Structures are given as structure tokens and as C-alpha cells.
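Colleague: Sequence plus predicted model, see below.
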Amino acid sequence: RSPQTGEFSFGTFGEDTSGTDTDRLAERVFAGTCANDYGQFDDLISLMAPALGQSGLAILKAKFEALAKRPPVATKSETRTIIGYGSQGPVYEDDYKARNHTRLVKRTLAEIADASGDVDGFVALQSDDERTNPAIAAQIAQRLLDAGRANEALAALDQAPAEMRDGGRWPDWQKVRIDALEAAGRSETAQRERWEVFERTLNAEYLKAYIKQLPDFDDMEAEERALAHARAFPSFHQALAFLVEWPALDAAAELILARPDEIDGDHYWLLTPAAEVLEPKHPLAAILLLRAMIDFALDRARTKRYPHIARHLQTCAYLAGKIDAFGDHADHEAYAGSLKARHGRKSGFWNS
């Protein structure tokens, strides 16, 4: 540590891997990691791993294992210092230091295990209870999978109870499981689960992976089936987002024209770009999205949106010239007239 700045310097290490240099470097990395109060030494171990080598990482591991046996000394109850208050009551300084000590040791030993390629060392750091957490199960399984241990990865994933993995709350768990199934030679199961995830979530990445595994010509049929499923998906906005992202703009326009009452004009972050991409070939669908945003902002007097929806109304007027028939929807003149009748006194909009 520099006495002038208080910062740590790691110096320059060449090809010499003598014990003295390795010990010295491990000591510096140890000191920096322990002094990482503000995140200034995040990822230090992975960055220094090539210079440390396996011998240096082993020295560093031994230092943190020794540190684990030296937790902060608990303060006597009558002299405990309160440093804050939480939902469970006062936060005591000695408790805070003890928790930080435990987290530091565990996190650092996990980083050392990863840098050393020690999958079993990483697994051993997780308690039996933690291994039932889908997120941690996925972390363990990914490391086992990277090490070519696909069946063990599947076993690790299975430690998370089924009721905890459901509902799409743990996307990493599902992704790693499918990768592990593929690596274990269970391609049919992997394909079935890719499709099931897509059906449940409309996640385009799973559909792309599913289609990529299909023989020629089967992919077109699968895509049509996927688009039909999306058009009937319960969440209108989730379906629209998928169809625009895919992209399947004809299907997106069909969705909008078939389910206009489900458009929520508050979803401007989705509707605005969707309208823009639909404008050239599907002007009526684009108009319906723009009208939904206009109606929402005016009905709820969202004054900050008035300049935006004023531009949307101008766009509607332009697009109306490209439409021969509005079907069951009001033409532009009738729609603009209804806005005047309902919101004629909102000068902030009309003068935008």
C-alpha cells in the first residue's frame, strides 16, 4: 500500500515464477481483496490469475481458508455499537462485520475455485440448502457442464425442487438444463423443452434454437406454428413484442387488427417503435397503436406526453392517406373530430 495515497500497487512481474515472487504477489492480491470496501478491486483475482498460476492461487486459497478461521471477535452485549436500523431492528457493528467477513471469504474462495478450474471446490462452498436454490443450482451445473460433466450437471439442477423452478422466474436454470440435455445426448428432450419454454414465454431465443435443430422444410412449418401461437397468446403486449422482434410484421398487424381493444396506450416504449416499423406496409395497424397512446395520454391528462402524442396525431393524418378503407375503425377526420369534442380544452396538446 502506498503511504501517500493509500492505494495498492501490484508492480510488474515477468516470466520469473520463483516462490518469492509468487508469495509476494499472492500477499498483494490478498491485501487488495480484503481492502475492497468500495469495489475498487472487483475481479482482481480473475485478472491476476494468469500471473499467480496454480501455485499462487493455492497460496491465496490457504490465506483465505486461514482467514475464515479468524472471524471478528463478538462484542459484549453491554458495549455493542448500533450502526443502523433495519426491518428486523437495530444493526450492530459486530454482526455487520461478521456477515461481511463470511461473505468475503466465501465469495473469494469461489473466485479462486473458478480461476483454478476447481469445479468441485466451488460446489463444496455451497450448503445443501443453497443447492436447492434454482439460481445456485444453475451456477453449479454450468461449471460442471463446462468441465464436460453433463450428467452431473443435470443431477445438480434436479436438486432444485420442481415447484421452485416453475413460472419462468429462473431462466438460467432452464437454459443450462437444455444445454446439459443436449450435451448428454438427450436431444429430443432438449427440443421438447425448448418448445415448451417458447410456448410459455414467447422467448425468441428458445424458438431460434428449436428451429435451428430441425431438418430442412420442417423449420418453415415450425415457424408458422410459432406465429399462430403468438397471435393467440394471452398477453397482447408480450405477443406484439415477440412478433416485432422476430420479425413477423404481417402477423403483428393481424394481431393488432384482431385485438385492438387490448392495446394499452401506456406501453409507449413498445407501441412507438412497433408503429414505426409497421408504418410502411401496415398503416392501419400503426394508426391503431398511435391512437391508443394518444387516447391514453389525453384521457389521463399526461401533460408531459402531449408533445409526443401531437406528433403521433400528425403521423396518423399522414398514414390515413395510404388507407383505402378503415373497416370498423373511424377514419382520420372522424377520429380527430372526436378528440376535439372530448379534449378540445386541452390547449397544451393542441398547441404542441
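Modeller: Structure received.
Colleague: Run through the residues that contact Asp158.
Modeller: By C-beta atoms under 8 Å, 6 or more residues apart in numbering, Asp158 lies in contact with nothing. (Each C-beta comes from the backbone N, C-alpha and C, glycine too.)
Colleague: Out of the helices and strands in this protein, which is least certain?
Modeller: Counting by mean pLDDT, DSSP states H and E, the weakest-scoring helix or strand in the chain turns out to be strand 89-92, with a mean of 74.
Colleague: Give me the below-cutoff pLDDT ranges for the protein.
Modeller: 1-19, 75-76, 78, 166-168 (pLDDT under 70).
Colleague: which non-adjacent residue is nearest Pro273?
Modeller: Val244 (7.3 Å; C-beta to C-beta, 6 or more residues apart in numbering).
Colleague: quick one: what helix or strand has the one you found in it?
Modeller: Using DSSP states H and E, the element containing Val244 is helix 236-245.
Colleague: in the helix or strand following that helix, what's buried?
Modeller: Counting by DSSP H and E, the next helix or strand C-terminal to helix 236-245 is helix 249-258. Of the residues in helix 249-258, Leu249, Ala251, Ala252, Ala253, Glu254, Leu255, Ile256 count as buried by neighbour count, 16 or more other C-beta atoms under 10 Å.
Colleague: what do you get for stretch 103-120?
Modeller: Within stretch 103-120, the residues that count as buried by 16+ other C-beta under 10 Å are 104-105, 108-116, 118-119.
Colleague: Just confirm Ile323 contacts Pro283, I think it does.
Modeller: Yes - contact between Ile323 and Pro283 holds when scored by C-beta atoms under 8 Å: they sit 5.5 Å apart.
Colleague: Could you check which of the two is surrounded by more residues?
Modeller: With neighbours defined as other C-beta atoms under 10 Å, Ile323 and Pro283 compare such that Pro283 has more, 20 against 14.
Colleague: which ones are touching Pro247?
Modeller: If a contact means C-beta under 8 Å, 6+ apart, then Pro247 has Val277 as its contacts.
Colleague: Can you tell me how far it is from Arg200?
Modeller: Using C-beta to C-beta, to the nearest Å, one obtains 21 Å as the distance from Pro247 to Arg200.
Colleague: now swap in Thr33 and tell me
Modeller: In terms of C-beta to C-beta, Thr33 sits 41 Å off from Arg200.
Colleague: all strands for the chain, in order.
Modeller: 82-86, 89-92 (DSSP state E).
Colleague: Looking at those strands, which is nearest to Arg231?
Modeller: strand 82-86 (48.1 Å; C-beta to C-beta).
Colleague: Show the secondary-structure elements that the closest one is packed against.
Modeller: Helices and strands touching strand 82-86, by 3 or more C-beta pairs under 8 Å, 6 or more residues apart in numbering; DSSP states H and E, are strand 89-92, helix 93-116.
Colleague: which other helices and strands contact the last one?
Modeller: Under the contact criterion of 3+ C-beta pairs under 8 Å, 6+ apart, the helices and strands touching helix 93-116 comprise helix 19-34, helix 44-68, strand 82-86, helix 119-124.
Colleague: Which strands or helices does the first one pack on?
Modeller: Contact analysis of helix 19-34 by 3+ C-beta pairs under 8 Å, 6+ apart lists helix 44-68, helix 93-116 as its packing neighbours.
Colleague: Glu223 and Tyr210 touch, don't they?
Modeller: No - between Glu223 and Tyr210 there is no contact under C-beta under 8 Å: 9.8 Å.
Colleague: okay, the two: which has more neighbours?
Modeller: Using other C-beta under 10 Å as the criterion, Glu223 and Tyr210 rank with Tyr210 on top: 23 against 16.
Colleague: What residue, apart from its backbone neighbours, is nearest the more buried one spatially?
Modeller: Using C-beta to C-beta, 6+ apart, the closest residue to Tyr210 is Arg194 (4.1 Å).
Colleague: How about the contacts made by the one you found?
Modeller: By C-beta under 8 Å, 6+ apart, the residues touching Arg194 are Ile178, Tyr206, Leu207, Ala209, Tyr210, Gln213.
Colleague: residues in contact with the nearest residue to the first one once chain neighbours are set aside?
Modeller: In this case it means Ile178. Nearest non-adjacent residue to Ile178, counting by C-beta to C-beta, 6+ apart: Ala190, 5.0 Å away. Ala190 is in contact with Ile178, Leu181, Glu182, Gln213, counting by C-beta under 8 Å, 6+ apart.
Colleague: again, but for Cys316
Modeller: Cys316 sits next to Ile287, Leu290, Arg291, Ile294, His332, Tyr335 when contact means C-beta under 8 Å, 6+ apart.
Colleague: that older thread, for the residue nearest to Ile178, give its distance to Arg302.
Modeller: Separation of Ala190 from Arg302 (C-beta to C-beta): 46 Å.
Colleague: My guess is Arg177 contacts Ala156. True?
Modeller: No - Arg177 is beyond contact range of Ala156, at 10.0 Å (criterion: C-beta under 8 Å).
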